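> Build the 3D model from these lines:
(chains A, B, C, D, E and F)
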4 protein chains.
Amino acid sequence: MSSQKSTAAPDTAPEAAPNAAGRAPKRARGRQRVAALLDAATVVFAEKGYDAATMTEIAARSSTAIGSLYRFFPSKEALAEGLLHRYGERAGAGLDAIAAHASAMTVAQMADALLDLMMALKSERTALKVLMDARVDGANRRQYLRGVIRGRMAGMLSAHAPGLSAERADLLSVMVLHLMKTIPELAEEAEAAALFQEMRLVLSAYLAAAVDGG
Amino acid sequence: MSSQKSTAAPDTAPEAAPNAAGRAPKRARGRQRVAALLDAATVVFAEKGYDAATMTEIAARSSTAIGSLYRFFPSKEALAEGLLHRYGERAGAGLDAIAAHASAMTVAQMADALLDLMMALKSERTALKVLMDARVDGANRRQYLRGVIRGRMAGMLSAHAPGLSAERADLLSVMVLHLMKTIPELAEEAEAAALFQEMRLVLSAYLAAAVDGG
Amino acid sequence: MSSQKSTAAPDTAPEAAPNAAGRAPKRARGRQRVAALLDAATVVFAEKGYDAATMTEIAARSSTAIGSLYRFFPSKEALAEGLLHRYGERAGAGLDAIAAHASAMTVAQMADALLDLMMALKSERTALKVLMDARVDGANRRQYLRGVIRGRMAGMLSAHAPGLSAERADLLSVMVLHLMKTIPELAEEAEAAALFQEMRLVLSAYLAAAVDGG
Amino acid sequence: MSSQKSTAAPDTAPEAAPNAAGRAPKRARGRQRVAALLDAATVVFAEKGYDAATMTEIAARSSTAIGSLYRFFPSKEALAEGLLHRYGERAGAGLDAIAAHASAMTVAQMADALLDLMMALKSERTALKVLMDARVDGANRRQYLRGVIRGRMAGMLSAHAPGLSAERADLLSVMVLHLMKTIPELAEEAEAAALFQEMRLVLSAYLAAAVDGG
DNA sequence: GATGAATGAGTTTTCATTCAT
DNA sequence: CATGAATGAAAACTCATTCAT
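This next block holds a predicted model:
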């Protein structure tokens, strides 16, 4: 459960993420509560945005007393971090799975795999975008998640094209990540399905130009 | 690349947005106030986001009494619309200027022109992104601006590639617009300059594949 | 125009009403303006109540600039007094006319005459009620109007029943005045017409019992 | 005369108005808060009128934090309704008590009973008048209370004079209610005591003429 | 004089957070 | 531990009044 500590490079996060989410619940009851809270938070953040989402509504949607919410997440910011943390685990695992086969994939296949991953994370991706975009003071934790995901993405690219310099792999991964952040927005357009297809084209055309040839 | 300056919109807001409600200024003094308010709003929205930006701070940053701010923009939403309106004029003019020469441009040149336009709109683009993303009720005006910009972008694409169907031109313009919305974010990264180069690559590779080749 | 000074007893009003309405306009233009302002104020006060009525709306409804409104009536309170003053003149004249024939009237006829007077003052009576009820600090001026009207009403009663003691005539007139203040409210009920009839009954029954016999 | 005390409504608001919106208090502490808030609101509304009364002052007078006031009454309008509700219970009980003996009473006795009831409700009647007169949008609740009280009054009249048609009983009750609304104003006059006596005369003369004689 | 822009104190309402029960 | 009442700073917005043009 602290897998992100041993694998990726948390150099931007001083005291890592685990304790940011309040004291980890020891009992199963607590875990369910936390999961329910995070689910509710996902929905409310996605619907209202970070500022407009209220702790009271998040508590209500998960049938939790406001006092209990604060027991698990001592602040709104901590709740956001909790969400980011859970997303990091899920998305990180997905990226690792892609990276494992990256050397045998074409760029088009990699583009498809990345998009499929975003499709699979459908319920969380909008909330994530909202949280990453939120202009909050304690945004250093967000930097941490960014670093983790970025590292894995760079790993995936390097696995596919071993000749890539570390700097270039990093730069490409940043670009790809930003491209993928547009997906929740595309999903809100009327022509969502067609736009997803275009995004496949964007990604594969870019990767082909940047990684494979020139 | 700074074509929008010479064509339509000087810095002091010529026919200053009398838009949605709010007494239009009838004296020169008022005209300046409106421009100063929009400038301050641009900065504050960009820094804090829509929700966290306060009318009080926007007023203070333009040395305006809160009551005066409300004379010209009777609500926070109206202020956002005023900004959107001014941006629409400036960006629209820029897009038209590009469209005028689109038929004689390569896709790479078009990509460059679009990015140069975004660079020229530097001071406003972040605020714009923030406002377009804001989850507000009265978002109809935002839809309107979206439509206008989208139409001009589609016009530019059609000018370059007359063979493009109207539907496809529209779809591509939506995709391009979403890609360009990532620019304010790229600008906040440490590697901003390099990322702009990557974005040129993204755009030209995508347009080449979707418009020319494909 | 200062008739109320010579006839009734303004003992509760130190420096009378005239200058309370700001400097009396010398020119005809000014008079029209003042009349238009008072008409607009009548409507707005009646519709919104004293607090909710805004100086801006009153100015707008009479096509007057807000600055001009303040030239004639230096404060909201002064505007209210101006209205009270004009009403005092009109109602006072009406009461005097009734008083002139009171000795030859039955109480029922007096009741009818009073109600007919209220019907004739239809456009102003609601605003008046609103202003008299308003709980404002500078309400001493209201006391003045109250005194004036009360005096005339007492005069009318005494004219009808010379045997009435001054104290009793005064008390009865206060009671009658309060009864008549309900008329604007009755007018807002669905059964307004029938209620006016009932009010005639109330008045004549009361006066018959209190003045004529017991 | 203080019959309403023994029948239904103790001073501390037994089943305290959970009315229109606003979390109903679930603990004893909250119950007391609500009662204290309503008491403070009664005083402040009576003193200042609906518009001029501020939520801040009402909270302060009951030593309540403004946030707590809003927990129980989510808007100023809701607070007004809460007051109306409590008054409705108390006054309704009083009217029912009178109605129970109405068949054995003379009209003079009924008039006395009604006035005694108003005397007993002294602390609330002025606030009530203010609230019923307030020109507010969401005045539907006020209509409801009006209907309830009116119905009971009509019931009382019918109990006394079974021969009265339903329409006429209703009309009379409206008239009587309006007459009674003048009581808070009479109470503010210097000659309050004498005016109450006059009001007894008004009521009994009117009822005698309208119900018994006619 | 007329006009309308400027002012800012004051109002209602919200919400993250704390803490007694 | 769970609960929900209490708190109060802060935000959007209004409006009487003043005063430069």
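> which strands and helices sit next to the host helix or strand of A:A193?
Using DSSP states H and E, A:A193 falls within helix A:192-207. Judged by 3 or more C-beta pairs under 8 Å, 6 or more residues apart in numbering or on different chains; DSSP states H and E, the packing partners of helix A:192-207 are helix A:107-120, helix A:166-180, helix A:183-186, helix B:166-180, helix B:192-207. The C-beta positions use only the backbone N, C-alpha and C, and glycine is treated the same way.
> so can I have a markdown table of those showing mean pLDDT?
Converted to a markdown table, those look like this (pLDDT from 0 to 100):
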| stretch | mean pLDDT |
| --- | --- |
| helix A:107-120 | 94 |
| helix A:166-180 | 95 |
| helix A:183-186 | 95 |
| helix B:166-180 | 95 |
| helix B:192-207 | 96 |
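> Next, format the ones you listed as a markdown table and append distance to D:L114.
Below are these laid out as a markdown table (distance: least, C-beta to C-beta, whole Å):
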| stretch | distance to D:L114 |
| --- | --- |
| helix A:107-120 | 74 |
| helix A:166-180 | 76 |
| helix A:183-186 | 67 |
| helix B:166-180 | 73 |
| helix B:192-207 | 81 |
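> Buried by neighbour count: which residues of the helix holding A:A193 qualify?
By neighbour count with 16 or more other C-beta atoms under 10 Å in any protein chain shown, helix A:192-207 contains the buried residues A:A194, A:L195, A:E198, A:M199, A:R200, A:L201, A:V202, A:L203, A:S204, A:A205, A:Y206, A:L207.
> hey, where'd the helices end up in chain A?
Along chain A, counting by DSSP state H, helices occupy A:3-7, A:28-48, A:55-61, A:66-72, A:76-101, A:107-120, A:122-133, A:140-160, A:166-180, A:183-186, A:192-207.
> Those helices: which one's closest to B:S75?
For B:S75, the closest of these is helix A:28-48, at 18.9 Å, according to C-beta to C-beta.
> hmm, back to that, can you list the residues that contact the helix holding A:A193?
Here helix A:192-207 makes contact (C-beta atoms under 8 Å, 6 or more residues apart in numbering or on different chains) with A:107-108, A:110-112, A:114-115, A:119, A:172, A:175-176, A:179, A:182-183, A:186-187, A:189, B:171-172, B:174-175, B:178-179, B:201-202, B:205-206, B:208-210.
> mind redoing it with 6 Å?
Residues outside helix A:192-207 that contact it (C-beta atoms under 6 Å, 6 or more residues apart in numbering or on different chains) are A:V107, A:A108, A:A111, A:L115, A:L186, A:E189, B:L171, B:M175, B:V202, B:A205, B:Y206, B:A209.
> which ones are touching the residue of chain A found nearest chain D?
Nearest residue of chain A to chain D: A:T56, at 11.1 Å (C-beta to the nearest C-beta). A:T56 makes contacts with A:I66, as judged by C-beta under 6 Å, 6+ apart.
> how near is it to A:G67?
In this view, A:T56 and A:G67 are 11 Å apart by C-beta to C-beta, to the nearest Å.
> One more: A:Y144?
A:Y144 sits 29 Å away from A:G67, going by C-beta to C-beta.
> A:L131 now?
The gap separating A:L131 from A:G67 is 24 Å, by C-beta to C-beta.
> between these two, which one's more packed in?
Neighbour comparison, A:L131 and A:G67: the larger count goes to A:L131, with 27 against 8 (by other C-beta atoms under 10 Å in any protein chain shown).
> Surely the more buried one touches A:L79?
No - with contact defined as C-beta atoms under 6 Å, A:L131 does not count as touching A:L79 (9.7 Å).
> Would you mind giving the helices of chain A as JSON lines with distance to C:V34 added?
Output for the helices of chain A, formatted as JSON lines (distance: least, C-beta to C-beta, whole Å):
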{"stretch": "helix A:3-7", "distance to C:V34": "78"}
{"stretch": "helix A:28-48", "distance to C:V34": "53"}
{"stretch": "helix A:55-61", "distance to C:V34": "54"}
{"stretch": "helix A:66-72", "distance to C:V34": "58"}
{"stretch": "helix A:76-101", "distance to C:V34": "57"}
{"stretch": "helix A:107-120", "distance to C:V34": "71"}
{"stretch": "helix A:122-133", "distance to C:V34": "58"}
{"stretch": "helix A:140-160", "distance to C:V34": "64"}
{"stretch": "helix A:166-180", "distance to C:V34": "67"}
{"stretch": "helix A:183-186", "distance to C:V34": "60"}
{"stretch": "helix A:192-207", "distance to C:V34": "64"}
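> got the contact list for whatever residue of chain A ends up closest to DNA strand F?
Among the residues of chain A, A:G67 lies closest to DNA strand F, at 2.1 Å counting by C-beta to the nearest atom of the strand. Applying C-beta under 6 Å, 6+ apart, we find A:G67 in contact with no residue.
> Show me which residues of chain A sit near DNA strand F.
A:K26, A:R27, A:R29, A:G30, A:R33, A:T64, A:A65, A:I66, A:G67, A:S68, A:Y70, A:R71 (C-beta under 7 Å from any atom of the strand).
> Those residues: which two are farthest apart?
Farthest apart among those - using C-beta to C-beta - are A:K26 and A:I66, which lie 22.2 Å from each other.
> The nearest residue to A:I183 once chain neighbours are set aside: how many residues sit nearby?
Distances taken as C-beta to C-beta, 6 or more residues apart in numbering or on different chains place A:M118 nearest to A:I183, at 5.0 Å, with adjacent residues excluded. By other C-beta under 10 Å, 19 other residues sit near A:M118.
> Near chain D, which residues of chain A? Just list them.
With C-beta under 6 Å from any C-beta of the partner chain as the criterion, chain A does not meet chain D at any residue.
> which stretches of chain A have low pLDDT?
Across chain A, the ranges flagged by pLDDT under 70 are A:1-27, A:138-140, A:213-214.
> Which residues of it lie near DNA strand E?
So far as C-beta under 7 Å from any atom of the strand goes, chain A lies against DNA strand E at A:A52, A:A53, A:T54, A:M55, A:T56, A:I66, A:G67, A:Y70, A:P74, A:S75, A:K76, A:E77.
> how about A:L84, what does it touch?
Per C-beta under 6 Å, 6+ apart, neighbours of A:L84: A:L145.
> 7 Å instead?
Shown in contact with A:L84 (C-beta atoms under 7 Å, 6 or more residues apart in numbering or on different chains): A:L131, A:R141, A:R142, A:L145.
> Distance-wise, check the third one relative to DNA strand E.
In this structure, A:R142 and DNA strand E are 16 Å apart, going by C-beta to the nearest atom of the strand, to the nearest Å.
> Now stretch A:152-168 - C-alpha only, CSV.
Extracted in CSV, the C-alpha atoms of stretch A:152-168 (Å, rounded to 0.1, in the frame of the first residue of the first chain):
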residue,chain,number,x,y,z
ARG,A,152,6.2,6.2,-14.6
MET,A,153,5.2,7.7,-17.8
ALA,A,154,8.8,8.4,-18.6
GLY,A,155,9.7,4.9,-17.7
MET,A,156,7.1,3.6,-20.1
LEU,A,157,8.5,5.8,-22.9
SER,A,158,12.1,4.7,-22.2
ALA,A,159,11.0,1.1,-22.2
HIS,A,160,9.6,1.6,-25.7
ALA,A,161,12.5,3.7,-27.0
PRO,A,162,15.7,2.9,-25.1
GLY,A,163,17.6,5.4,-27.1
LEU,A,164,15.6,8.3,-25.6
SER,A,165,17.6,10.6,-23.3
ALA,A,166,16.3,10.8,-19.7
GLU,A,167,15.6,14.5,-20.2
ARG,A,168,13.7,14.0,-23.4
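> And the contacts of that stretch?
A:8, A:92, A:95-96, A:98-99, A:102-103, A:105, A:110, A:169-170, A:172-173, A:176-177, A:211.
> Can I have the buried ones of these as a PyMOL selection?
Buried members of those, defined by 16+ other C-beta under 10 Å, are picked up in PyMOL with:
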select buried, chain A and resi 8+92+95+98+99+102+105+110+169+170+172+173+176+177+211
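> For chain A, what lies in contact range of chain B?
Residues of chain A lying near chain B by C-beta under 7 Å from any C-beta of the partner chain: A:48-49, A:51-52, A:133-135, A:171, A:174-175, A:178-179, A:181-182, A:185-186, A:189, A:191, A:194-195, A:198, A:201-202, A:205-206, A:209-210.
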